[in-house]
Every structure is written in C-alpha cells, then in structure tokens.
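*Asks:* Sequence first, then the predicted structure:
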Amino acid sequence: MKVEKFEELIAWKKSKELSFYIYKIFKDCRDLSFRSQIERASVSIMNNIAEGFERYSKKDFIHFLYISKGSAGEVRSMSILGFELDYLKKEDFDYINNQSTEISKILSGLIKSLK
C-alpha cells in the first residue's frame with residue numbers, strides 16, 4: 001500500500017497524539033519558557049514529517065525526517081528536565097519519554113526504508 005498523505009504515516013499520527021498530550025499536561029504550567037519549548041519541540045516532530053512528505057523529493061523527505069528525529073530527542077530531553085523540576089508526574093514522564101523514543105525508532109526505520 002502506497003502512502004498518499006502524510007496523515008497516513010504512523011510516525012505522524014503518534015507525534016500528533018504526543019503533541020496533544022504535551023499541550024494537555026502543560027496547559028497550567030507557570031514556567032512559560034519551558035512550556036513553550038516542549039510544546040514547540042513536540043509540534044516540530046509532526047510538522048517536519050508533514051513538510052518533508054509534501055515536498056515530493058525523497059532527499060528532502062529524509063532531511064525533514066532527521067529534523068523530526070532531532071525534535072523527538074529534544075522532547076525526551078525536556079521531559080527529563082521537566083520531571084526533575086517536578087513539572088511532570090512519573091506516569092506522564094514515562095508516557096512522554098516512551099512515546100518520543102518510539103517515534104524516534106519509527107522515524108529511523110522510515111529513513112532506512114527510503115535510502
């Protein structure tokens with residue numbers, strides 16, 4: 001089955017769910033700088049998948065997937081900081097960390113399949 005829209009990609013679907021979760025968890029966070037950074041990083045994952053897909057160039061798509069992968073790492077890094085600052089409960093930290101790790105692995109597989 002050929003993927004015709006970025007919305008069909010598992011990595012995009014999972015990153016959208018992660019972004020929604022992060023927005024929900026941090027909606028009342030008073031550290032606006034931290035909140036903005038983790039929200040932007042999470043949205044960057046899904047948006048770079050979409051942008052790369054829409055360019056219709058395998059080289060560009062791979063480039064944007066690498067950017068998405070970097071943003072997934074940024075979300076993981078921010079979640080560690082957020083947990084250590086007591087902005088996150090353990091279960092929220094675990095969810096964000098696990099999801100961003102899984103998304104990163106999916107992106108790695110997608111990149112490998114495109115090369």
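*Replies:* Good, I have the coordinates. Numbering: from 1, shown residues only.
*Asks:* helix or strand right after the helix or strand hosting residue 20?
*Replies:* Taking DSSP states H and E as the definition, residue 20 sits inside helix 10-26. Downstream of helix 10-26, the first helix or strand assigned by DSSP H and E is helix 32-54.
*Asks:* which helices and strands does that following helix pack with?
*Replies:* helix 10-26, helix 58-84, helix 90-114 (3 or more C-beta pairs under 8 Å, 6 or more residues apart in numbering; DSSP states H and E). All C-beta atoms are positioned from the backbone trio N, CA, C, and that covers glycine.
*Asks:* Turn these into a markdown table, columns for distance to residue 35.
*Replies:* Listed next are these as a markdown table, based on distance: least, C-beta to C-beta, whole Å:
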| stretch | distance to residue 35 |
| --- | --- |
| helix 10-26 | 5 |
| helix 58-84 | 9 |
| helix 90-114 | 13 |
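*Asks:* a markdown table for those, including mean pLDDT?
*Replies:* Formatted as a markdown table, the helices and strands packed on helix 32-54 follow (pLDDT from 0 to 100):
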| stretch | mean pLDDT |
| --- | --- |
| helix 10-26 | 97 |
| helix 58-84 | 97 |
| helix 90-114 | 97 |
